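Trainee: predicted coordinates and the sequence they were generated for:
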Amino acid sequence: MKALHFGAGNIGRGFIGKLLADAGIELTFADVNQAVLDALNARRSYQVHVVGEQEQVETVSGVSAVSSAGEEVVDLIAQVDLVTTAVGPVILERIAPTIAKGLAKRKAQGNNQPLNIIACENMVRGTSQLKDHVLKALSQEDIAWMEDHVGFVDSAVDRIVPPAASASNDPLEVTVETFSEWIVDKTQFKGQLPAIAGMEPTENLMAFVERKLFTLNTGHAITAYLGKLTGHQTIRDAILDEKIRLVVRGAMEESGAVLIKRYGFDDAKHAAYIEKILGRFENPYLKDDVERVGRQPLRKLNAGDRLIKPLLGTLEYNLPHHNLVKGIAAAMHYRSEQDPQAQELAELIEKQGPKETLVQISGLDAGSDVVAEIIKEYNAKA
């Protein structure tokens, strides 16, 4: 079996690429970083530092790499059995025309073997969004062929992959936590499901997508935003601050109440899941910076993302949301000289005020009680 993976960054190499290679799949990375491409092609392997109570170094071998901007990647799409991505949500639209070219070439070459494409991104139904972008670049004839032979498989991914801890200049060095979860929608595959250890098929993907979004992502973001406001450098330092921990746990319990209502999750099991997430934030071997986790606040304050979506769930089911409100207010205070979205957020607030900015970004009703609650909390933190 052959696979092409877009994105040779830390998540690509440390998580998805590693699972594919470990499964004995012939793996090629596609990326724009020439230093990484050169190193992968020169060594054909790299090391992954898995950190936890028992730290270990695992070697991923038999890999190669191509430029995601060249013709080689189009040729590969025409040949491989699986295409995966870990490029970040905003990059999916940019790689879609390349994928479309590869699909058109695959059809022209008469390759009717099933191809499955899985976007492994921190977003809800990212593969379906990628498919929408690909459709725009295909002819009607190619679209009809694609619907028969290409599966666009949505997934939920969960693994904390911070920047490498050491000060080495090795472009392939990557550090990951022990925990990982990759859940895929088995109903969307074309042909036989690939046997990949660590990839879990389900018929109810949205339950797991939202469980991860409302728990890991919600808690991680709020830890980062409150940590930044309080002057903490790392997620571990922030979550060990009892005042922050109280709010983060409270927010995850509020979002968890939505999940229990919506999907029938077991109360005790979900409470244990929250405890597991808190333990992961505390991992002393992960040097995860609050600034890295908090970046792109405009995306994270969007109606479909980790802060506003669980809040909307609490409104739908008439549930408490006091701690989620605190987290959203903290996100509006996020500032970073390294993050264009943080700068844009600050400019919007300065230009039109916090209330108008919140309504514009989140889609919340300007006259609602919850907007008034968030702005009151925001002003209290000013």
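Mentor: Thanks, I have the structure now. All values reported here derive from a predicted model rather than from experimental measurement.

Trainee: list the contacts for S368?
Mentor: With contacts defined as C-beta atoms under 8 Å, 6 or more residues apart in numbering, S368 has no neighbours. C-beta coordinates here come from the backbone N, C-alpha and C atoms, glycine included.

Trainee: again, only using 10 Å
Mentor: 315, 359, 374 (C-beta atoms under 10 Å, 6 or more residues apart in numbering).

Trainee: give me phi/psi at it?
Mentor: phi -80, psi 160 (degrees, to the nearest 10).

Trainee: got any ranges where the chain has weak pLDDT?
Mentor: 164-168 (pLDDT under 70).

Trainee: my read is V57 is in a strand, agree?
Mentor: Yes: under DSSP: H, G, I helix; E, B strand; the rest coil, V57 sits within a strand.

Trainee: surely it meets V48?
Mentor: Yes: with contact defined as C-beta atoms under 10 Å, V57 reaches V48; the gap is 7.1 Å.

Trainee: higher neighbour count, these two?
Mentor: V48 (24 against 9; other C-beta atoms under 10 Å).

Trainee: and the most centrally placed residue in the chain, backbone torsions?
Mentor: Centrality entry for the chain: nearest residue to the mean C-alpha point is N122, 1.7 Å, by C-alpha atoms, centre = their mean. Backbone torsions of N122, given as degrees, to the nearest 10, read phi -80, psi 70.

Trainee: re the thing from before, could you export the contacts of S368 as JSON lines, including distance to G256, secondary structure and neighbour count?
Mentor: Supplementary listing: those in JSON lines, determined by distance: C-beta to C-beta, whole Å; DSSP: H, G, I helix; E, B strand; the rest coil; neighbours: other C-beta atoms under 10 Å:
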{"residue": "L315", "distance to G256": "16", "secondary structure": "helix", "neighbour count": "15"}
{"residue": "V359", "distance to G256": "27", "secondary structure": "helix", "neighbour count": "17"}
{"residue": "I374", "distance to G256": "20", "secondary structure": "helix", "neighbour count": "27"}
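
Trainee: any chance of these in TSV, with distance to Q233 too?
Mentor: Shown next, in TSV, are these (distance: C-beta to C-beta, whole Å):
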residue	distance to Q233
L315	34
V359	32
I374	26
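
Trainee: what's the helix or strand for I117?
Mentor: Using DSSP states H and E, the element containing I117 is strand 115-119.

Trainee: that strand - contacts with which helices or strands?
Mentor: With contacts taken as 3 or more C-beta pairs under 10 Å, 6 or more residues apart in numbering; DSSP states H and E, strand 115-119 sits against strand 2-6, strand 82-85, helix 92-108, helix 126-135, helix 140-149, strand 150-152, strand 155-158, strand 181-185.

Trainee: just send these back as JSON lines, with distance to P354 and mean neighbour count too.
Mentor: As requested, these are exported to JSON lines (distance: least, C-beta to C-beta, whole Å; neighbours: other C-beta atoms under 10 Å):
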{"stretch": "strand 2-6", "distance to P354": "37", "mean neighbour count": "24"}
{"stretch": "strand 82-85", "distance to P354": "35", "mean neighbour count": "24"}
{"stretch": "helix 92-108", "distance to P354": "30", "mean neighbour count": "20"}
{"stretch": "helix 126-135", "distance to P354": "29", "mean neighbour count": "20"}
{"stretch": "helix 140-149", "distance to P354": "44", "mean neighbour count": "14"}
{"stretch": "strand 150-152", "distance to P354": "39", "mean neighbour count": "23"}
{"stretch": "strand 155-158", "distance to P354": "32", "mean neighbour count": "24"}
{"stretch": "strand 181-185", "distance to P354": "36", "mean neighbour count": "21"}
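
Trainee: now the ones you listed as a markdown table including distance to G294?
Mentor: Shown next, in a markdown table, are those (distance: least, C-beta to C-beta, whole Å):
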| stretch | distance to G294 |
| --- | --- |
| strand 2-6 | 25 |
| strand 82-85 | 23 |
| helix 92-108 | 22 |
| helix 126-135 | 21 |
| helix 140-149 | 38 |
| strand 150-152 | 31 |
| strand 155-158 | 18 |
| strand 181-185 | 22 |
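
Trainee: so which of these is nearest K287?
Mentor: Proximity to K287 (C-beta to C-beta) singles out strand 155-158 among the helices and strands packed on strand 115-119, at 19.2 Å.

Trainee: and the closest one, which strands flank it?
Mentor: strand 181-185 (antiparallel) (DSSP bridges).

Trainee: okay, the angle between the partner strand and strand 115-119?
Mentor: 130 degrees (axes from the mean of the first three to the mean of the last three C-alpha atoms, to 10 degrees).

Trainee: can you list the neighbours in contact with strand 181-185?
Mentor: 15-16, 19, 84, 116, 118, 120, 125, 127-128, 151-159, 193-194, 196, 198-209, 211-212, 216.
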